[in-house]
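Build me a model from this:
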Amino acid sequence: MRIGPWSLPNNVFVAPMAGVTDRPFRQLCKKLGAGYAVSEMAASNPRLWESVKTSRRLDHEGEIAPVAVQIAGADPAMMAEAAVFNIGKGARIIDINMGCPVKKVCNAASGSALLRDEDLVARILDSVVRACEPLGIPVTLKTRTGWDRDNRNALRIARLAEDTGIAALTLHGRTRADLYTGEAEYDTIRAVRAEIRIPLIANGDIDSPEKARHVLDYTGADAVMIGRAAQGRPWLFRNIDHYLRTGEQLPPPSWQAMRELLLEHLDDHYRFYGEHTGVRTARKHIGWYLAGLPGAQAFCAVMNRLDDTRAQWRAVADWFDQNMRTCDPHAPVIATGPLAA
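Below is the predicted model:
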C-alpha cells in the first residue's frame, strides 16, 4: 500500500477522531500494528493556530513516519495556507476532511457539509493539491457517501478527487445524515472502487479481523481504516494485520499485558497533556480499556473523581493487581459486558 512516495507497512489504518487520536494514541496504535494514522483535524483558520488545542494537535515530536495531518475548513485559499503551515510543522501527508458529521463543523460549512457543494469541493481540492505538489507532499481525502441517502454523490466526488490529483481516498460507508447510527454500507465503496484507480480505503464499522477481511474482499478496497472500535483496544490493528496475512486469530492481551499497556499509555498521555488536562482527558481512555470487565463500572465511578495523575495511575495499577490476585495474570482478558460505543 502506497500513498504518494510513502510505502506503508500494512493496510490497517487509524481513523482521525477528534479528542482521541492525539499523538500518544497514534504512536501506541502504530507500535501495535497500525500501518498508518491520521491526526485529529486541525483548523484551517490561522487565528486558531496558536491556541493550546491546535498547538497540541501540531505536535509531532518523535512520531513514527509518515506524519499525516488532517485539515478542515471551507475556504480554498485558507485550506491551502493551512496545508503549507502544517507541512512546516512536520506533516508529510495532508488529509482533507470532508467527512466529519458533527453539527459544529457542518454549521461552519466544513466537513461533510461540503458534499452539498461539489463546485466548492473541486476548488478546495485543487487549491490544496496545487499548494502541496511543489513541496512533494501528497494530499488525501476522507469523505462520506453523501449528505443524505437521497443525495449520495460519492462516485462524483471520487472521480473529481482522482482528476484533481488526490493521492488516496478514504470513504466512510454512511451519509452525513446517518451520523454514526445504523450500519455502514459497503455497496457504495464497492462502486467507487470500480470507478477509480487511486488507492481506496474503506471505513465504517470495521471492528474485528473477520469484518476487515469481509470488507476488503467485498469492496475491493486497498486498505481498511478503523476508528471507534480501536478505542480502548489499540491491539486491534495487530490482530487484524496478523489475520489478514495468515488467516490466524491472535488471542486478546493478558491481564498483565493490558496492565502494562494501559499504564504506558497513561504515562505518555500525562507527559503530553500535563497534570490538569492529562488527568481529565485520560478518563475516557481508561473507561474504554476497562469497558465490559468485571467491576470496571464501579471502579470508573470512583476513578473519575480523582484529579491527580499520580493518584489516577496508582488506582489503575492497583485495580489490575487486585484482579490478578484472583485470576491467572497471563490469561486473556475477556470482556463480559458491553464494550465502549
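
Would you mind finding the longest strand in the protein?
Longest strand in the chain, counting residues (DSSP state E): strand 36-43.

what residues does that strand touch?
Identification of contacts with strand 36-43 by Cβ atoms under 8 Å, 6 or more residues apart in numbering yields 1, 3, 8, 13-23, 26, 29-30, 49, 54, 57-58, 60, 66-73, 82, 86, 93, 95, 97, 100, 142, 223. All C-beta spots, glycine's among them, are computed from the backbone N, C-alpha and C.

quick one: low-confidence parts of this structure?
106-109, 337-341 (pLDDT under 70).

how about the strands in it?
Counting by DSSP E, the strands of the chain are 2-3, 6-7, 12-14, 36-43, 68-72, 93-98, 139-144, 168-172, 200-203, 223-226.

out of the ones you listed, which comes closest to Ala296?
Nearest of those to Ala296, taken as Cβ to Cβ: strand 223-226 at 22.5 Å.

CA atoms only: put the closest one into CSV for me.
The C-alpha coordinates for strand 223-226 follow below in CSV (Å, rounded to 0.1, in the frame of the first residue of the first chain):
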residue,chain,number,x,y,z
ALA,A,223,-7.0,-0.8,3.0
VAL,A,224,-9.3,-0.5,6.0
MET,A,225,-9.5,2.4,8.4
ILE,A,226,-10.6,1.8,12.0
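
What pairs with it, parallel or antiparallel?
Applying DSSP bridges to the sheet, strand 223-226 is found paired with strand 12-14 (parallel), strand 200-203 (parallel).

circling back to that earlier point, just send the strands of the chain back as JSON lines, with distance to Ala212 and mean neighbour count too.
Formatted as JSON lines, the strands of the chain follow (distance: least, Cβ to Cβ, whole Å; neighbours: other Cβ atoms under 10 Å):
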{"stretch": "strand 2-3", "distance to Ala212": "19", "mean neighbour count": "18"}
{"stretch": "strand 6-7", "distance to Ala212": "20", "mean neighbour count": "13"}
{"stretch": "strand 12-14", "distance to Ala212": "7", "mean neighbour count": "27"}
{"stretch": "strand 36-43", "distance to Ala212": "14", "mean neighbour count": "24"}
{"stretch": "strand 68-72", "distance to Ala212": "20", "mean neighbour count": "26"}
{"stretch": "strand 93-98", "distance to Ala212": "21", "mean neighbour count": "27"}
{"stretch": "strand 139-144", "distance to Ala212": "18", "mean neighbour count": "26"}
{"stretch": "strand 168-172", "distance to Ala212": "15", "mean neighbour count": "26"}
{"stretch": "strand 200-203", "distance to Ala212": "9", "mean neighbour count": "25"}
{"stretch": "strand 223-226", "distance to Ala212": "5", "mean neighbour count": "24"}
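
Export these as JSON lines, with columns for distance to Leu250.
Output for the strands of the chain, formatted as JSON lines (distance: least, Cβ to Cβ, whole Å):
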{"stretch": "strand 2-3", "distance to Leu250": "26"}
{"stretch": "strand 6-7", "distance to Leu250": "24"}
{"stretch": "strand 12-14", "distance to Leu250": "13"}
{"stretch": "strand 36-43", "distance to Leu250": "20"}
{"stretch": "strand 68-72", "distance to Leu250": "26"}
{"stretch": "strand 93-98", "distance to Leu250": "29"}
{"stretch": "strand 139-144", "distance to Leu250": "28"}
{"stretch": "strand 168-172", "distance to Leu250": "25"}
{"stretch": "strand 200-203", "distance to Leu250": "22"}
{"stretch": "strand 223-226", "distance to Leu250": "15"}
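
Which one, of those strands, ends up nearest to Ile124?
strand 93-98 (6.8 Å).

Listing partners with orientation, what would you give for that closest one?
In the sheet, strand 93-98 lines up with strand 68-72 (parallel), strand 139-144 (parallel) (DSSP bridges).

can you give me how far stretch 274-284 is from the chain middle?
20 Å (Cα atoms, centre = their mean, to the nearest Å).
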